[in-house]
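[1] need a 3D model of the sequence below.
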Amino acid sequence: MNLKLVVASMSVLGLVTCPVLAVAHTKHKHKHHHEMQTASHDYKDFKDMAPACVITTEMMMMDNMTQSLNRAMPNPCNPGWFNRVSLSGGINVDIGKFGNRDSNYMGENYQRFSLNDAYLNVSANVNDWSKAFLSIDYMTATTNENPGTFNNRGAAEYSAAYANNVNGSSTNALQLEQAYIFVGSLDCSPFFLQLGKSFQDFSRYEIHPITRSLTQVMSETLATSLKLGFIASGFNGGVYVFDDPMSKTTGNGAHTTNYGVSLGYDMPNDQLGWDIGAAYLYNIIGVNDVAYEVVNFTGTNAYHTRVGGAAVYADVNSGPFSLSARYTAAVQRFNSMDLTKNGFADLTAGSFAIGSGAQVTPMVSASGAKPWAAGITGAYGFNAWCKNQSIYLGYQASREAAGINLPKSRWLAGYGLEMWKNTNFGLEWDHDMGYSASRGGNGDSSNLVTIRTAVKFG
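    Numbering: from 1, shown residues only. Sure, this is the predicted structure:
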């Protein structure tokens with residue numbers, strides 16, 4: 001490539017300054033010699049000016065040889081990057097897992113020792129109107145790492161959103177969990193555009209908690225999407241579109257396009273704060289765990305009929321007390337070939353999806369599931385022995401959700417201690433009650449106790 005064209009292209013990207021262009025031109029045309037002398041004279045008159053930034057021709061040629069001309073590359077003319085790029089992260093280590101470690105409920109981690117999770121967040125202020133965010137994550141919580149047993153009665157996982165593990169064949173690995181571009185300036189306009197991989201605004205939940213709630217299993221949607229949103233005077237919401245993680249049985253087999261809308265109002269305040277919101281998802285198959293369980297149930301990576309989803313949430317806090325409520329539901333019944341009301345209990349004998357591509361055969365009397373999940377949690381924070389501490393108690397319930405490996409109900413209690421700044425210890429007990437055998441469960445109760453140690457930085 002002509003060197004002058006290379007330099008001109010890089011100047012458009014802001015990678016070189018005008019003096020560099022002047023230097024480049026003097027190599028080709030003698031008539032610019034006087035201009036360079038003038039520029040040099042001006043520099044002598046303004047002694048406070050910094051020396052001109054120069055990118056060597058060798059560096060530009062190297063970028064050209066490695067096809068990197070339009071990429072963001074380290075260079076001496078881009079100082080102060082650390083003022084625009086921020087790093088943060090943390091490590092959550094779960095140990096113990098005392099009690100029943102084979103209950104096979106979606107959202108529970110049965111590993112005796114696990115990283116859940118180790119993550120690094122990177123954010124960049126590109127300019128006043130553009131920002132970028134990415135999150136790199138490593139997790140060793142429960143995943144179904146043996147595809148040969150995947151279709152045998154359905155093995156549950158901690159989260160199918162991790163690596164978009166719809167087919168149940170993912171192994172624990174380093175993942176780019178989120179990566180998106182934010183375009184907008186909330187100081188100038190309430191509207192913004194978000195493009196990339198992120199958790200969608202369908203309900204509210206914590207990423208990588210000790211145990212994922214029943215509503216989180218039915219809500220957590222991690223996908224590459226395009227979102228138009230707004231934040232104004234406490235109101236917030238948006239519209240987003242993305243591809244479903246699995247295809248429909250009819251058509252050309254391509255992943256179908258999904259969309260969601262959300263609207264909420266937040267009034268944060270330490271003395272009395274609250275929020276409330278609702279969301280609608282055109283196809284609840286877009287929820288990672290729901291898609292995972294439909295594949296788990298049918299043995300095929302496709303669904304028959306679209307089912308919408310709805311979610312509502314509310315939180316309130318006053319002083320040391322807080323209360324939160326969540327509800328997520330399918331708004332229509334699933335096709336009985338996708339998910340039955342009573343899970344595997346509604347299938348004919350011998351029709352369990354054992355082996356790749358096997359089809360289930362529902363009983364003639366079986367109807368499709370219309371699952372929902374709800375939960376309420378109260379917490380109290382206090383300071384004792386110069387340490388911030390908290391206790392919480394919650395109750396969760398579901399209906400027609402045995403097919404997606406949820407318990408019928410759950411009691412939970414927990415304790416948290418901030419031993420040192422950004423260093424926390426937690427203890428949580430989950431008591432689950434399964435559906436009866438006729439409703440697709442085993443009718444047993446189970447208990448799981450987890451100890452978590454967490455640090456965060458940034």
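
[2] how close does the residue lying closest to residue 178 once chain neighbours are set aside get to residue 207?
    Distances taken as C-beta to C-beta, 6 or more residues apart in numbering place residue 135 nearest to residue 178, at 4.2 Å, with adjacent residues excluded. Quick note: C-beta positions are derived from backbone N, CA and C, even for glycine. Distance from residue 135 to residue 207, counting by C-beta to C-beta, to the nearest Å: 9 Å.

[3] all helices of the stretch 1-150 of the chain, in order?
    Using DSSP state H, counting those that start in this stretch, the helices of the stretch 1-150 of the chain run over 3-12, 18-26, 33-45, 57-65.

[4] so where is the stretch 351-458 of the chain shaky, pLDDT-wise?
    The model of the stretch 351-458 of the chain has pLDDT under 70 over residues 351-359.

[5] tell me which stretches of it form helices.
    Shown for the stretch 351-458 of the chain, no helices are assigned by DSSP H, counting those that start in this stretch.

[6] could I get the pLDDT score of the spatially most central residue of the chain?
    Centroid-nearest residue in the chain, with C-alpha atoms, centre = their mean: residue 199, separated by 3.7 Å. pLDDT for residue 199: 95.

[7] same check, this time on residue 55
    On pLDDT, residue 55 comes in at 80.

[8] who has more neighbours, residue 135 and residue 207?
    It is residue 135, of residue 135 and residue 207, that has more neighbours when counted by other C-beta atoms under 10 Å, with 21 against 17.

[9] how near is the more buried one to residue 320?
    According to C-beta to C-beta, residue 135 stands 31 Å off from residue 320.

[10] residue 116 now?
    As for residue 116, its distance to residue 320 is 28 Å (criterion: C-beta to C-beta).

[11] neighbour-wise, which of these two wins?
    A side-by-side neighbour count of residue 116 and residue 320, using other C-beta under 10 Å, places residue 116 first with 23 against 12.

[12] wait, that one sits on residue 158?
    Yes: using C-beta atoms under 8 Å, residue 116 is in contact with residue 158, at 7.3 Å.

[13] overlap in contacts of those two?
    Common contact partners of residue 116 and residue 158 (C-beta atoms under 8 Å, 6 or more residues apart in numbering): 109, 139, 141.

[14] mind checking which of these are buried?
    109, 139, 141 (16 or more other C-beta atoms under 10 Å).

[15] can you map out the strands along the stretch 151-300 of the chain?
    For the stretch 151-300 of the chain, applying DSSP state E, counting those that start in this stretch gives strands covering 174-183, 191-199, 222-232, 235-248, 255-267, 273-281.

[16] format those as JSON lines; extra columns: distance to residue 83.
    Listed next are these as JSON lines, based on distance: least, C-beta to C-beta, whole Å:
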{"stretch": "strand 174-183", "distance to residue 83": "18"}
{"stretch": "strand 191-199", "distance to residue 83": "23"}
{"stretch": "strand 222-232", "distance to residue 83": "25"}
{"stretch": "strand 235-248", "distance to residue 83": "29"}
{"stretch": "strand 255-267", "distance to residue 83": "29"}
{"stretch": "strand 273-281", "distance to residue 83": "32"}
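
[17] nearest to residue 438, out of those?
    The minimum distance between residue 438 and the strands of the stretch 151-300 of the chain falls on strand 235-248, with 29.0 Å, by C-beta to C-beta.

[18] neighbours of residue 112, how many?
    11.

[19] what's the answer for the one 5 residues further on, then?
    Counted with other C-beta under 10 Å, the neighbours of residue 117 add up to 23.

[20] again, but for residue 241
    Counted by other C-beta under 10 Å, the residues lying close to residue 241 total 14.
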